[in-house]
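> Need a 3D model of the following:
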Amino acid sequence: MKKLFLLVVLLLPFACSKKDPNQAFDSFKDDFINNLWKMYPEWASSAGYHHYDSILTINNQEYRDRQLKFADDVLAQLATFDVEGLSKNNKTDFRIIENQLKSLKWYINEERSYEWDPSGYNVTRYFAEMLGNNYDSLDARLRNFKLRLAFVPAIYDVAKNNIKNPTKEHTELAIAQNLGGSSVFDADLKAALEKSHLSDSEKQEILNGSAIAVKAINDYVEWLKNLDNQNPRTFRLGKICTTKNLSLIFNRDIPLMGFIRRQLTGRTTCTKKWEKWLINCGQNILEQRKNLSTRWS
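Numbering: from 1, shown residues only. Have a look, this model is predicted:
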């Protein structure tokens, strides 16, 4: 999912002097990115777009259906553009968007990791980002922290309904990560509350919500530990990775390093923060691709 966020950074709108169809396509990209933020508020927050900091998504069937509809709607919009009439940059952006949306559909419909990867359900990182990054006043971040806490029990309840025959490796990872990250609701949160200017009642509300969140996390961990899964599925994706699907996935990643260079040299909206983030993403992508062969065998 981090890879899709990289797409957003690379497609941030920039000045374009050409008229239609490029002008229309640039407007389309603006709308696409704004709707993407709404669909994935956690990514928006990680990206530095904090309009949706009070929201966490719940990966139930309704949410997956909305993602698929989003992908289909945008693909239908893409089909209205004559790609050959676009500038080189917009042709590239067209293909990136198209492939990302097709990949999104593949991940939901075919890979279905929400059923076998319990580590995909881990809220602690989102709360840690809110306490650790000084993008807004501490009081504002803590108030959004409180609102996000309300989503936590439902996230883990849905996880228990979604998971079927998880892999041993991802189950162990989920247990370790959820337990390891839960300190954000204890020492880290208490230290932040001490520094804040919130009223005593607000602080207590946050502590109460955090206690409920920790209980949901611990219940999930215990559920995983006690899960009767005598024949866990392999972590290898196997036959679902046909030649066509592999092409879809690889073509999503291959252009990224080139786009990083273009973003760094050709777009004025790229700040030092984005430069560091993009470089790290590129390095992570290369590292991940070194290990792909074992999963797809």
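> My read is that L149 contacts L207, right?
No. Counting by Cβ atoms under 8 Å, L149 does not reach L207; the two are 10.0 Å apart. No exception for glycine: its C-beta is placed from N, CA and C like everyone else's.
> Which residue of the two possesses the greater neighbour count?
The neighbour comparison of L149 against L207 (other Cβ atoms under 10 Å) goes to L149, with 22 against 15.
> Please name the nearest non-neighbouring residue to that one.
Leaving aside its chain neighbours, L149 sits nearest to G209 (3.6 Å; criterion: Cβ to Cβ, 6 or more residues apart in numbering).
> How many residues are close by F32?
F32, neighbours per other Cβ under 10 Å, totals 20.
> Which helix or strand in the protein has the lowest average pLDDT?
helix 256-266 (a mean of 40; mean pLDDT, DSSP states H and E).
> Packing partners of the helix or strand that contains K203?
Take DSSP states H and E as the rule and K203 turns out to sit in helix 200-225. With contacts defined as 3 or more Cβ pairs under 8 Å, 6 or more residues apart in numbering; DSSP states H and E, the packing partners of helix 200-225 are helix 138-149, helix 152-162, helix 168-181, helix 187-195.
> Do I have it right that the residue nearest to L149 meets N144?
No. Applying Cβ under 8 Å as the test, G209 and N144 come out as separate, 12.0 Å apart.
> Same list, the helices and strands packed on helix 200-225, but as JSON lines with mean pLDDT and distance to K203 please.
Shown next, in JSON lines, are the helices and strands packed on helix 200-225 (pLDDT from 0 to 100; distance: least, Cβ to Cβ, whole Å):
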{"stretch": "helix 138-149", "mean pLDDT": "98", "distance to K203": "8"}
{"stretch": "helix 152-162", "mean pLDDT": "98", "distance to K203": "18"}
{"stretch": "helix 168-181", "mean pLDDT": "95", "distance to K203": "22"}
{"stretch": "helix 187-195", "mean pLDDT": "96", "distance to K203": "5"}
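> follow-up on the earlier one: ok, the residue nearest to L149 - contacts?
Residues near G209 by Cβ atoms under 8 Å, 6 or more residues apart in numbering: 146, 149-150.
> On the three-state scheme, E115 is what?
Per DSSP: H, G, I helix; E, B strand; the rest coil, the secondary structure class of E115 is helix.
> oh, and call the first residue 604 from now on, that's how I've got it
Got it, the first residue is 604 from now on, which makes the last one we talked about E718.
> so what pLDDT did it get?
Looking at E718, its pLDDT reads 96.
> go on, the one 3 residues further on?
Confidence per residue is given as pLDDT, and for P721 that number is 97.
> what's the spacing between it and N765?
Remark: distance between P721 and N765 (Cβ to Cβ, to the nearest Å) = 9 Å.
> of those two, who's got more company?
Taking other Cβ under 10 Å, P721 and N765 do not tie; P721 has more neighbours (28 against 21).
> what's around the nearest residue to F730 once chain neighbours are set aside, how many residues?
In this structure, F730 finds its nearest non-sequential neighbour in V787, 4.9 Å apart by Cβ to Cβ, 6+ apart. Using other Cβ under 10 Å, V787 has 24 other residues around it.
> Now do the SS call for V787.
Taken by three-state DSSP, the conformation at V787 corresponds to helix.
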